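>>> Provided below are the primary sequence and the corresponding predicted coordinates.
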Amino acid sequence: MNNRNMLHATIGFAMVISLLAGCTAQETAPAVTSMAKTPVTASTSEAEISAVTFTPVPPTAVPVLGFKDSTLCPDSDTGVLVPARLPDVQWPTVDSPSHEDIWAIEFLSANDAWAVGEGGSILHYDGQAWTAADSPIGTDLHGLSMLSASEGWAVGPVNTILHYADQRWSAEDTFQFHGNMVWDVDFMAPDRGWVVGLGDLQHYDGNNWKESGVFAWLRGIDMISVDEGWAVGDSGKILHYQGSTWQQIDSPVETTLWDVDMHSTEEGWIVGDNGTILHFDGVAWSITAVPTRAGLYAVTIDDEGEAWAVGSGGTLLRFDGQKWVKMKISDAGDLLDVSVSNDGAVWVVGENGLILHSEWLDSNVPPPTSPLLKTIDNSDGDGSFSVSWEKIPGNVNYVLEEADESMCPVTVYFGSETSKDVSRKDIGTYYYRVSALGVGGQSEWSEIKSVEVTVPPPPCSVECTSSSGGLSVKITCESGEYSSPGVFSYEGTGYYPRWDKELWGTHFTEDRTYEDSGNVYEVHAFTWPMSDVAGGRGYYVEVTGGVFGETPETCDVLETE
């Protein structure tokens with residue numbers, strides 16, 4: 001072999017050795033296609049060596065973490081239902097001169113309105129702002145009826161009735177109501193007025209108040225004319241006035257009815273406890289389907305026949321001509337009355353001086369920006385932790401999805417809060433993402449965050465399930481499963497729409513006790529009205545005893561039907 005050929009062979013073997021060494025250093029070895037077809041030998045020419053080519057290797061692919069399309073998870077639970085967008089109306093809070101509960105509101109025009117409430121508070125609206133008016137009493141006022149800008153009436157407990165005339169409010173000292181409490185008033189003319197309450201119904205003839213001879217516990221009245229009207233009250237009571245007498249009408253319910261409003265002699269609405277709404281079609285009253293079980297305290301109908309109803313826990317409903325729809329109210333307590341001004345604005349009053357009014361939004365707005373999902377802290381490794389995210393400006397709600405290793409999404413939260421407590425997760429890895437929902441639709445999803453659960457849940461778990469009319473509870477232990485026989489039945493709200501934990505449990509017929517392998521578990525059920533967009537009543541359960549000891553194991557659920 002001459003020197004030239006030896007040099008070529010040396011170069012060829014050196015390239016092969018270099019390539020083989022490069023393969024061992026790479027995670028994925030490149031394919032040397034020409035060498036597989038034509039091995040380099042001592043007789044290979046320079047042209048053949050220069051023609052050796054290599055197949056390019058793509059960079060190492062980084063897996064993209066993503067939730068599956070729900071259609072690829074036919075057996076997965078979609079979880080909480082989410083609307084396509086928020087309603088086009090929002091409810092900003094109006095500056096109020098009072099911190100007392102406002103029980104009644106009435107608009108004469110867009111620039112003239114009155115409201116009354118606790119402690120004898122009287123408020124006036126001039127089209128620009130609400131101001132406090134002088135009140136001659138310090139007792140509560142529940143009902144209000146304005147005949148005109150220069151005359152009106154307001155009523156309250158135990159012989160309390162005020163008359164507005166000569167630009168001031170004064171007490172009518174001669175009024176004697178022979179019941180426990182006056183609830184409502186309605187005037188059709190200066191000499192044609194009625195008041196109702198618990199145990200009495202009286203008529204005003206322009207000079208004196210006179211008893212009607214009706215003994216009933218009544219809470220609301222609406223007169224269509226001086227010769228016709230309706231009154232409602234406890235135990236589903238419905239009275240109809242025609243000509244000169246009041247007659248009891250068949251009622252489809254036995255719950256407390258709080259208010260009635262008639263659009264005409266042939267159409268009207270009644271609202272009451274447990275989400276009761278009745279509709280009058282000119283012949284009879286019938287039950288109407290509604291998206292809540294909250295107590296409803298007031299209803300009003302505008303000139304176009306559109307109806308609004310308000311109630312406990314920030315419940316606000318709108319009848320759109322076909323069905324009742326629940327409106328979104330943020331951070332509101334009990335709503336006690338509603339009125340519509342002649343410019344179409346809807347006004348709502350409630351607890352602690354709350355005043356809201358409708359503000360219709362431009363629907364041609366883009367979806368909100370994507371929220372920032374925070375890192376999930378679960379340093380102790382157990383199945384209870386909190387998922388939180390940054391607040392997005394504007395009128396938005398949030399949608400939180402969860403997935404396990406299957407990456408199949410389940411919606412676990414929808415609402416205005418910026419965190420969700422998760423509990424009792426089994427060992428494994430869990431993934432979360434969040435988006436914002438506004439009037440323009442839904443934002444992009446946030447970056448996915450994961451959390452590891454390494455500690456198994458306790459040997460017993462508690463699960464709450466809402467059902468029609470109440471709450472079911474299930475305790476699952478290693479030795480078996482124990483469920484409540486039927487539901488915890490809810491008994492109603494009482495006279496005043498106020499809620500505190502000391503009273504929650506009293507609204508259920510009984511608490512329950514379970515036995516498991518010698519362990520005794522006590523179950524206590526509570527309830528409260530909810531203002532979440534899903535609506536309805538919230539249930540909360542505490543279970544003590546057994547493996548839980550004196551530290552309650554809890555669960556909660558929202559009833560929407």
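Everything's here; your move.

>>> Return the residues in contact with the residue nearest to Asp234 when sequence neighbours are not counted.
Leaving aside its sequence neighbours, Asp234 sits nearest to Trp217 (Cβ to Cβ, 6 or more residues apart in numbering; 4.1 Å). Placement of C-beta: from N, CA and C, glycine included. By Cβ atoms under 8 Å, 6 or more residues apart in numbering, the contact set of Trp217 is 179, 197-199, 233-235, 237.

>>> ranking those residues by neighbours, who comes first?
Gly197 (29 neighbours; other Cβ atoms under 10 Å).

>>> Count the residues that sit near the closest residue in space to it that isn't next to it in sequence.
Leaving aside its sequence neighbours, Gly197 sits nearest to Val182 (Cβ to Cβ, 6+ apart; 4.1 Å). As a burial measure, Val182 scores 28 neighbours (other Cβ under 10 Å).

>>> Flag the shaky bits of the stretch 151-300 of the chain, pLDDT-wise.
Along the stretch 151-300 of the chain, segments meeting pLDDT under 70 span 174, 178-180.

>>> 90 - rerun?
By pLDDT under 90, the weakly predicted segments of the stretch 151-300 of the chain are 156-160, 172-182, 198-200, 206-216, 243-244, 291-294.

>>> ok, Val325 - contacts?
Going by Cβ under 8 Å, 6+ apart, Val325 touches 87, 291, 317-319.

>>> okay, stretch 172-188 in CSV with CA atoms only?
Output of stretch 172-188 as CSV, limited to C-alpha atoms (Å, rounded to 0.1, in the frame of the first residue of the first chain):
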residue,chain,number,x,y,z
GLU,A,172,-100.7,58.9,62.9
ASP,A,173,-101.3,58.6,66.6
THR,A,174,-105.0,57.4,66.2
PHE,A,175,-104.1,54.3,64.3
GLN,A,176,-104.8,51.1,66.3
PHE,A,177,-103.8,47.8,64.7
HIS,A,178,-105.2,44.7,66.4
GLY,A,179,-102.5,42.3,65.3
ASN,A,180,-98.9,41.5,66.3
MET,A,181,-97.2,43.5,63.5
VAL,A,182,-97.9,45.7,60.5
TRP,A,183,-96.2,44.5,57.4
ASP,A,184,-97.4,46.3,54.3
VAL,A,185,-99.5,49.2,53.0
ASP,A,186,-101.0,50.1,49.6
PHE,A,187,-103.0,53.2,48.6
MET,A,188,-104.9,53.8,45.4
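
>>> Could you check how far it is from the centre of its chain?
In this view, stretch 172-188 has its centroid 36 Å away from the chain centroid, taken as Cα atoms, centre = their mean, to the nearest Å.

>>> cool, stretch 366-379 as well?
Taking Cα atoms, centre = their mean, one finds stretch 366-379 lying 21 Å from the centre of the chain it belongs to.

>>> What of stretch 154-168?
Averaging C-alpha positions (Cα atoms, centre = their mean) puts stretch 154-168 36 Å from its chain's average.

>>> That one spans what distance, first to last residue?
End-to-end distance of stretch 154-168 (Cα to Cα, to the nearest Å): 12 Å.

>>> again, but for stretch 355-370
Stretch 355-370 end-to-end distance (Cα to Cα) = 31 Å.

>>> again, but for stretch 209-218
End-to-end distance (Cα to Cα), stretch 209-218: 17 Å.

>>> now do stretch 388-400
Using Cα to Cα, the two ends of stretch 388-400 sit 9 Å apart.

>>> Going by neighbour count, which residues in that stretch are buried?
Neighbour-count burial for stretch 388-400 flags 388-389, 392, 395-400 (criterion: 16 or more other Cβ atoms under 10 Å).

>>> so where do the helices sit in the protein?
With DSSP state H as the criterion, the chain has helices at 3-25, 33-37, 46-50, 501-504.

>>> as a whole number, average confidence for the third one?
Spelled out, that is helix 46-50. Averaged over helix 46-50, pLDDT sits at 45.

>>> Any idea how far apart the tips of stretch 327-347 sit?
13 Å.

>>> Check which residues of that stretch are buried.
Of the residues in stretch 327-347, those buried (16+ other Cβ under 10 Å) are 327-330, 332-341, 346-347.

>>> got the buried residues for stretch 288-305?
Buried residues in stretch 288-305 (16+ other Cβ under 10 Å): 288, 290-301.

>>> repeat for stretch 148-159
Here stretch 148-159 shows 152-157, 159 as buried, counting by 16+ other Cβ under 10 Å.

>>> next one: stretch 269-285
269-280, 285.

>>> for it, the distance to its chain's centre please.
23 Å.

>>> List just the nearest of the buried residues of stretch 288-305 to Cys555.
Relative to Cys555, the closest of those is Arg293; by Cβ to Cβ it sits at 19.0 Å.

>>> And the closest one, how close does it get to Asp234?
19 Å (Cβ to Cβ, to the nearest Å).

>>> Tyr540 now?
For Tyr540, the distance to Asp234 equals 28 Å [Cβ to Cβ].

>>> Please apply the same query to Pro83.
As judged by Cβ to Cβ, Pro83 and Asp234 stand 36 Å apart.

>>> got it, and Leu201?
13 Å.

>>> Between these two, which contacts overlap?
Going by Cβ under 8 Å, 6+ apart, residues that sit against Leu201 and also against Asp234 are 216, 218.

>>> Which two of the buried residues of stretch 388-400 have the greatest separation?
Going by Cβ to Cβ, the pair spanning these furthest: Ser388 and Asn395, at 20.2 Å.

>>> ok, back up a step: from the buried residues of stretch 388-400, which land in strands?
Secondary structure assignment by DSSP state E places 388, 397-400 of the buried residues of stretch 388-400 in strands.

>>> Nearest to Gly243 among those?
Of all these, Gly243 sits closest to Asn397, with 51.5 Å by Cβ to Cβ.

>>> I figured the closest one hits Lys328, correct?
Yes: between Asn397 and Lys328 there is a contact under Cβ atoms under 8 Å: 7.4 Å.

>>> All set, thanks.
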